Structures are given as structure tokens and as C-alpha cells.
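# Okay, structure incoming, though there's no sequence with it:
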Ligand code: CA
């Protein structure tokens with residue numbers, strides 16, 4: 001489904017998870033459930049969620065440890081986190097926010113409050129305006145002039161490849177499934193097939209030349225733009 005924010009719910013108590021999932025689903029979100037940090041990490045590796053609802057007390061790594069780790073990871077550092085916890089005192093709240101949580105909800109909470117917080121956090125984290133200049137390594141994109149350069153050499157792109165690159169550069173290091181890219185880049189043109197994404201990714205990669213190596217295929221998951229490739233090692237490169 002399109003335009004439905006993906007929310008990862010990390011909660012070890014099935015009854016609470018079920019309640020949260022049902023309410024999120026009814027409110028137009030796409031929730032997935034992970035009962036511990038290991039499962040949550042697997043879900044994140046498969047597709048980066050738009051928001052994480054994170055219980056504090058979990059088997060294995062605590063929510064606090066997970067929040068710290070995800071904040072430190074380039075792929076998840078921009079993903080909003082709302083902590084869920086029975087620990088309601090101020091010191092805990094501060095610890096949660098210090099660990100990188102965007103908001104905090106004390107159990108027991110009303111589902112209405114939860115949904116309001118989710119919406120508020122997603123609104124605050126809405127992507128920057130389209131006028132922000134983007135820079136990933138030596139790759140630069142200027143949305144005002146629509147100019148794309150790599151190592152100061154101009155790169156010519158079709159409109160779809162341009163929008164695709166702009167989106168990927170705005171969400172660097174994150175893995176995007178084909179469905180997510182369709183949603184974000186093509187919007188509500190629902191008749192477009194996921195295979196179309198592959199075609200445009202291929203074109204974009206070709207147009208980028210040496211920088212094309214930055215656009216990685218993540219097997220079974222989708223695509224990622226990364227600055228963490230050593231372009232200098234490409235034997236086809238002249239410098
Ligand atoms: Ca718990």
C-alpha cells in the first residue's frame with residue numbers, strides 16, 4: 001500500500017503489541033512487530049521503517065541500548081524513535097531522550113495518545129523542503145538549478161532518475177524496498193509496477209558513471225545509496 005508510514009513496534013508483551021498494531025493499522029500505518037532487539041534489527045536490515053515504537057524493558061538488549069545503537073548507525077540515525085515504558089519518572093524520561101528517543105510514552109497509555117504522538121513525531125521529521133542542496137561524497141545535487149555533479153563534472157539525468165537520485169541522496173545509507181521507492185518517488189501513480197524501479201535504477205546507475213557504484217543493490221531488500229564505497233579502486237577510473 002502506498003503512502004502508509006511503516007512503523008516497527010518493538011514490544012515483548014504480545015497483548016500490548018497486538019493492541020498497538022491493530023490501532024496503527026486502523027489509522028493508516030503499516031506496522032510490523034518485533035519482540036526483541038534481534039528480530040527488530042532483522043526487520044530494519046530488510047527495510048528501514050519510518051518510525052520505531054520501542055519498549056524499554058525487553059528480553060536481551062534493553063530499549064535504551066537499542067535506541068543508542070540505532071542513533072549511532074548511519075542507516076537508522078534519522079528514524080524517529082518513540083519509547084514505550086512503564087517507567088514514568090523524570091530521570092527515566094531524560095535517559096530515554098538522551099539515548100536519542102524523539103518522544104516518550106508512559107504505560108499505561110491511551111491508544112489515542114499513542115497515535116497522536118506518532119503523528120506528531122512523523123510531522124516533525126518530515127523531509128526537508130525540496131530546496132535543500134544535497135551532497136553525498138563527491139556527488140552533489142542542487143534542487144534549485146536541477147544540477148547534478150560528480151567531482152564537479154555535470155551529470156545529465158532524466159526527470160525520473162533525477163527524482164530518484166534526489167530521494168536517495170536525502171536518505172543516504174538507508175535500504176529502500178522497491179515498494180518504498182515507488183511510494184516516495186512515483187507517489188500515487190499506482191499503475192506502476194515494482195519492476196519499473198529496477199529499470200530506472202539501472203538508468204540512473206549508468207548515467208552516474210563512476211558514481212554509479214554508490215547505488216547498491218541489497219539482495220532481497222532493495223536499493224541503497226552509500227558514500228561508503230571506495231570509488232578510487234574502480235579500475236576504470238582515471239583519477
Ligand atoms: Ca516489555
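Alright, I've got the coordinates. Since we're looking at a predicted model, the values are computed, not measured.
# Next, residue 216: secondary structure please.
Here residue 216 is recorded as strand under DSSP: H, G, I helix; E, B strand; the rest coil.
# Next, work out how far apart residue 68 and residue 99 are.
According to CB to CB, to the nearest Å, residue 68 stands 5 Å off from residue 99. In short, each C-beta sits where N, CA and C put it, glycine included.
# neighbour-wise, which of the two wins?
Legend: neighbour count by other CB atoms under 10 Å for residue 68 and residue 99, higher for residue 99 (21 against 16).
# ok, that one to residue 71 distance?
Distance of residue 99 to residue 71, computed by CB to CB: 7 Å.
# Tell me the spacing between the closest residue to residue 222 other than its chain neighbours and residue 6.
Leaving aside its sequence neighbours, residue 222 sits nearest to residue 177 (CB to CB, 6 or more residues apart in numbering; 4.1 Å). The spacing between residue 177 and residue 6, counted by CB to CB, is 9 Å.
# Overlap in contacts, these two.
Common contacts of residue 177 and residue 6 (CB atoms under 8 Å, 6 or more residues apart in numbering): residue 47.
# what's the domain layout of the chain?
Domain ranges of the chain: 6-125, 134-225, per automatic domain parsing.
# Would you tell me what helix or strand residue 84 is located in?
Assessed by DSSP states H and E, residue 84 sits inside strand 81-85.
# Report the distance from that strand to the chain centre.
Centre-to-centre, strand 81-85 and its host chain are 17 Å apart (CA atoms, centre = their mean, to the nearest Å).
# Check what pLDDT the residue nearest in space to the middle of the chain gets.
In the chain, the C-alpha closest to the average C-alpha coordinate belongs to residue 48, at a distance of 4.3 Å (CA atoms, centre = their mean). pLDDT recorded at residue 48 is 89.
# now what about the lowest-mean-pLDDT helix or strand in the chain, what contacts it?
Every helix and strand of the chain was ranked by mean pLDDT, DSSP states H and E. The lowest is helix 90-98, at a mean of 77. For helix 90-98, contacts defined as CB under 8 Å, 6+ apart pick out 56, 63-64, 67, 83, 85, 104, 106.
# Just send the residues you listed back as a markdown table, with secondary structure and neighbour count too.
Formatted as a markdown table, the contacts of helix 90-98 follow (DSSP: H, G, I helix; E, B strand; the rest coil; neighbours: other CB atoms under 10 Å):
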| residue | secondary structure | neighbour count |
| --- | --- | --- |
| 56 | coil | 22 |
| 63 | helix | 26 |
| 64 | helix | 22 |
| 67 | helix | 27 |
| 83 | strand | 28 |
| 85 | strand | 21 |
| 104 | strand | 20 |
| 106 | strand | 16 |
